[in-house]
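Engineer: Provide a 3D model corresponding to the input given below.
(chains A, B, C and D, ligands or ions: 2)
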Amino acid sequence: MLDTVEGQYGDLLLPEETGFLEAYRRLGFDAQCLYVRLISRVGPWFRELRLHYPELGAITPAVDDLLQAGLAEQAAGLSVEDLGGLCSVAELSTLYATRAADKASLLQQISQVESSETGALDTLIAADCARVIAPAKTDVVNLLQLLFFGNRRQGLTDFVLSDLGVARYYPYALDRGQRLFPRRETLEAYLDCAACEDQWHVLLEQGDEKGIRELAVAMSCTAIRDPAVQHRWDRLYNRVARQLERMGESQLALTLYSLSQRHPARERSARLFEKVGAHSQAEQLCETIEAQPWCEDERDASRRILPRVRRKLYGGSTSRRRDQFDQFVLSLPHSDVRVERQVAQKLSGDWQQVRYVENQLMTALFGLAFWEQIFAPVPGAFNNPYQSVPADMYEQDFAANRRELLDSRLAELSTLSLDVELPNRWRSYQGFQCRWVNWRVISEELVTNAAAVIPREHLLAIWQRILFDPRENRRGFPDLLALGSRPGDYQMIEVKGPGDTLQDSQKRWLRFFREQGIPAAVAHVQWSDD
DNA sequence: ACCGGTCACACACAG
DNA sequence: AACCATAGAG
DNA sequence: CTGTGTGTGACCCTCTATGGT
Ligand SMILES: [Mn+2]
Ligand SMILES: [Mn+2]
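Structural biologist: Numbering: from 1, shown residues only, chains lettered A, B, ... in the order given. Ligands and ions are numbered 1, 2, ... in the order given. Have a look, this model is predicted:
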């Protein structure tokens, strides 16, 4: 990891960071291993006496090595809480010759005895005849990890899971010359946003409303953001503003939403305008939205809000035509089994098979059909070898960034036999991590059957719509897929129990299916026993 | 980004 | 003794 | 009746040693 980061980002490392690289490389092998062990554990403090790593030989020289290199530090004091983390109840009882009902009260007693943090530490060191240490420079390691992975979620465990084969990643071409952080300033901008996110999480967890307001004000003061991290800020704006809404801080929420260029900022703003009685502003914003919606979900929301607002402004009534979908009603008894399963069971006599697949099947077929395009080496798409999807998978320009690739693949798919091609793809890629394919659920048999029965034109239409907006259109598929034995003999069925209604994403797919002549229906369940 | 985000769904409430 | 949560491991 | 908001549960390597209650 260090070599990769140095190669890719060596020029924008600070002296402390290059210093870390040198110091680590100068360590003996055992000390290097120990350092990795320590930073992988909770800590921060460790009793040297309790470090058992048979593969490392003696611990003491390794610790000496780390201390000398400045990659570990000795404790100068220990809070009673930290002491409790390092010692079991039995050990504490012996150390302080006391007993107590539970660990908490034992520590309570100890805090009476120990007047200072050095006291607790000295007691422990005297008993252990060994040091208490913590790994140092962990913040530098975090930074290097960020540079390696391009995100803050992944870390050393991803190496292990990959080595073990628990997670296998498709060997896509990775261009380390393409940098997520071209300059130090980009990195710093990312870290600024990250710090703000952390602060937000803390405040939210503490329910600190005053702190949240202050954070919001601070966020709204810096309006100029590095474009490379703008969408990160937008996500944070939306989250904080949503919380401000709940706190009744409409104005502050509106300010943050106005800085965000990410759904649902405008939808929420329109709702807020309506709520505070600024109907003409709500109207204006809805008109803006409908002139150029950021996504279909936003457009749908606006179409609900705008007529309502206009009614309030100008009176009158506008009748909205309701969606009409193919539907039927089923009577079922109450049961522990999910309604979807019950309906599948009930319908199974009419079909070859009825599968409860929800979003999983169509997304999987999409993933299999466009695997090579998804994993194509588009600049910036892959920052590390452990990704299950390109970085821009859910961005608006995913398809635009791969236009030619996708077009030629679409042309291929319109001539290939899909009931051969899709199972072939399944076998080629089986087990490789891909966000579109849940291998646990999608069997080769299911892919084969689906591809044999669902007409090519239907699949192509569905895939085109997914490509149009991969973020939104990967959800909302009906619960059930009923397959017959002949091409074209199938139906998708959305099950609705009593009190459940179609969601916007579900309506959008159902409307699309209706337009395309794709067989789909809604099964309304009523309880037969009440 | 510190077990969170995403999805489907049940339920409550307002008009 | 039975049970549960957690950390650490590959 | 519709449109909303809110809260719940399931799902994301898996096994085991340890320690606490
Ligand atoms: Mn469902
Ligand atoms: Mn359903």
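Engineer: tell me which residues of stretch A:497-505 are tucked away?
Structural biologist: A:497, A:502, A:505 (16 or more other C-beta atoms under 10 Å). In short, each C-beta sits where N, CA and C put it, glycine included.
Engineer: now, among those residues, which is nearest to residue A:422?
Structural biologist: Within these, the smallest distance to residue A:422 is 24.4 Å, found for residue A:505 (C-beta to C-beta).
Engineer: show me how chain A divides into domains.
Structural biologist: A:2-161, A:177-314, A:327-527 (automatic domain parsing).
Engineer: show the average pLDDT along the longest one.
Structural biologist: Mean pLDDT, computed over domain A:327-527, is 91.
Engineer: interface residues of the stretch 201-350 of chain A facing DNA strand D?
Structural biologist: A:246, A:271, A:301, A:304-305, A:308, A:320, A:322 (C-beta under 7 Å from any atom of the strand).
Engineer: which member of those residues is positioned nearest residue A:416?
Structural biologist: Using C-beta to C-beta, those come closest to residue A:416 at residue A:301, 38.9 Å.
Engineer: surely that closest one and residue A:265 touch.
Structural biologist: No. With contact defined as C-beta atoms under 8 Å, residue A:301 and residue A:265 do not form a contacting pair (11.7 Å).
Engineer: circling back to that earlier point, show me which of the residues of the stretch 201-350 of chain A next to DNA strand D are buried.
Structural biologist: Buried, going by 16+ other C-beta under 10 Å: A:271, A:301, A:305, out of those.
Engineer: for these, give me a markdown table that also has pLDDT and distance to residue A:240.
Structural biologist: Listed next are these as a markdown table, based on pLDDT from 0 to 100; distance: C-beta to C-beta, whole Å:
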| residue | pLDDT | distance to residue A:240 |
| --- | --- | --- |
| A:271 | 88 | 16 |
| A:301 | 87 | 20 |
| A:305 | 87 | 22 |
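Engineer: Throw the residues you listed into JSON lines and include distance to ligand 2, thanks.
Structural biologist: Conversion of those to JSON lines gives the following (distance: C-beta to the ion, whole Å):
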{"residue": "A:271", "distance to ligand 2": "26"}
{"residue": "A:301", "distance to ligand 2": "21"}
{"residue": "A:305", "distance to ligand 2": "25"}
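Engineer: which of those residues sits closest to residue A:441?
Structural biologist: residue A:301 (31.0 Å).
Engineer: any idea how far that closest one lies from residue A:263?
Structural biologist: Residue A:301 sits 9 Å away from residue A:263 when distances are taken as C-beta to C-beta, to the nearest Å.
Engineer: cool, and residue A:154?
Structural biologist: On the measure of C-beta to C-beta, residue A:154 and residue A:263 end up 26 Å apart.
Engineer: which of the buried ones among the residues of the stretch 201-350 of chain A next to DNA strand D fall in helices?
Structural biologist: A:271, A:301, A:305 (DSSP state H).
Engineer: and the closest residue in space to residue A:267 that isn't next to it in sequence, what does it touch?
Structural biologist: Leaving aside its chain neighbours, residue A:267 sits nearest to residue A:301 (4.5 Å; criterion: C-beta to C-beta, 6 or more residues apart in numbering). Residues near residue A:301 by C-beta atoms under 8 Å, 6 or more residues apart in numbering: A:264, A:267, A:270, A:504.
Engineer: so the last one makes contact with residue A:298?
Structural biologist: No. Under the contact definition of C-beta under 8 Å, residue A:504 does not touch residue A:298, with a separation of 10.2 Å.
Engineer: and residue A:379, how many neighbours does it have?
Structural biologist: As a burial measure, residue A:379 scores 10 neighbours (other C-beta atoms under 10 Å).
Engineer: wait, it touches residue A:173, no?
Structural biologist: No. The criterion here is C-beta under 8 Å, and residue A:379 misses it with residue A:173 at 11.2 Å.
Engineer: what residues of stretch A:144-153 count as buried?
Structural biologist: A:144-150.
Engineer: tabulate those (a markdown table), appending secondary structure, pLDDT and distance to ligand 2.
Structural biologist: As requested, these are arranged in a markdown table below (DSSP: H, G, I helix; E, B strand; the rest coil; pLDDT from 0 to 100; distance: C-beta to the ion, whole Å):
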| residue | secondary structure | pLDDT | distance to ligand 2 |
| --- | --- | --- | --- |
| A:144 | helix | 95 | 46 |
| A:145 | helix | 93 | 41 |
| A:146 | helix | 94 | 40 |
| A:147 | helix | 94 | 44 |
| A:148 | helix | 94 | 42 |
| A:149 | helix | 93 | 37 |
| A:150 | coil | 92 | 37 |
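Engineer: distance to DNA strand B for those residues - can I get that in TSV?
Structural biologist: Below are the buried residues of stretch A:144-153 laid out as TSV (distance: C-beta to the nearest atom of the strand, whole Å):
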residue	distance to DNA strand B
A:144	13
A:145	10
A:146	8
A:147	14
A:148	14
A:149	10
A:150	11
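Engineer: among these, which ones lie close to DNA strand C?
Structural biologist: Counting by C-beta under 7 Å from any atom of the strand, no member of the buried residues of stretch A:144-153 reaches DNA strand C.
Engineer: I'd like these laid out as TSV, including distance to residue A:131.
Structural biologist: TSV is the format used below for the buried residues of stretch A:144-153 (distance: C-beta to C-beta, whole Å):
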residue	distance to residue A:131
A:144	26
A:145	27
A:146	31
A:147	32
A:148	31
A:149	33
A:150	37
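Engineer: determine which two of these are furthest apart.
Structural biologist: Within the buried residues of stretch A:144-153, two members stand farthest from each other by C-beta to C-beta: A:144 and A:150, at 12.0 Å.
Engineer: in the helix ranked longest in chain A, what counts as buried?
Structural biologist: Taking DSSP H as the criterion, chain A has its longest helix at helix A:184-206. Neighbour-count burial for helix A:184-206 flags A:186-187, A:189-190, A:192-194, A:196-197, A:199-200, A:203 (criterion: 16+ other C-beta under 10 Å).
Engineer: what's the helix or strand following it packed up against?
Structural biologist: Beyond helix A:184-206 on the C-terminal side, the first helix or strand identified by DSSP states H and E is helix A:209-221. For helix A:209-221, the packing partners by 3 or more C-beta pairs under 8 Å, 6 or more residues apart in numbering; DSSP states H and E come out as helix A:184-206, helix A:230-246, helix A:250-259.
Engineer: which residue does the stretch 251-400 of chain A have closest to DNA strand D?
Structural biologist: residue A:304 (4.2 Å; C-beta to the nearest atom of the strand).
Engineer: how far away is that residue from DNA strand C?
Structural biologist: 42 Å (C-beta to the nearest atom of the strand, to the nearest Å).
Engineer: residue A:439 too?
Structural biologist: Taken as C-beta to the nearest atom of the strand, the span from residue A:439 to DNA strand C is 18 Å.
Engineer: need the helices and strands packed on helix A:209-221 in a markdown table (columns: distance to residue A:353 and mean pLDDT).
Structural biologist: What follows is the helices and strands packed on helix A:209-221, written out as a markdown table (distance: least, C-beta to C-beta, whole Å; pLDDT from 0 to 100):
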| stretch | distance to residue A:353 | mean pLDDT |
| --- | --- | --- |
| helix A:184-206 | 45 | 89 |
| helix A:230-246 | 41 | 88 |
| helix A:250-259 | 47 | 90 |
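Engineer: any chance of JSON lines for these, columns distance to DNA strand C?
Structural biologist: JSON lines is the format used below for these (distance: least, C-beta to the nearest atom of the strand, whole Å):
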{"stretch": "helix A:184-206", "distance to DNA strand C": "15"}
{"stretch": "helix A:230-246", "distance to DNA strand C": "26"}
{"stretch": "helix A:250-259", "distance to DNA strand C": "34"}
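Engineer: can you tell which of those helices is closest to ligand 2?
Structural biologist: Ligand 2 lies closest to helix A:230-246 among the helices and strands packed on helix A:209-221, at 26.1 Å (C-beta to the ion).
Engineer: got a list of contacts for that closest one?
Structural biologist: A:190, A:193, A:196-197, A:200, A:204, A:212-213, A:215-216, A:219, A:225, A:250, A:252-254, A:256-257, A:259-262, A:264-265, A:268, A:272.
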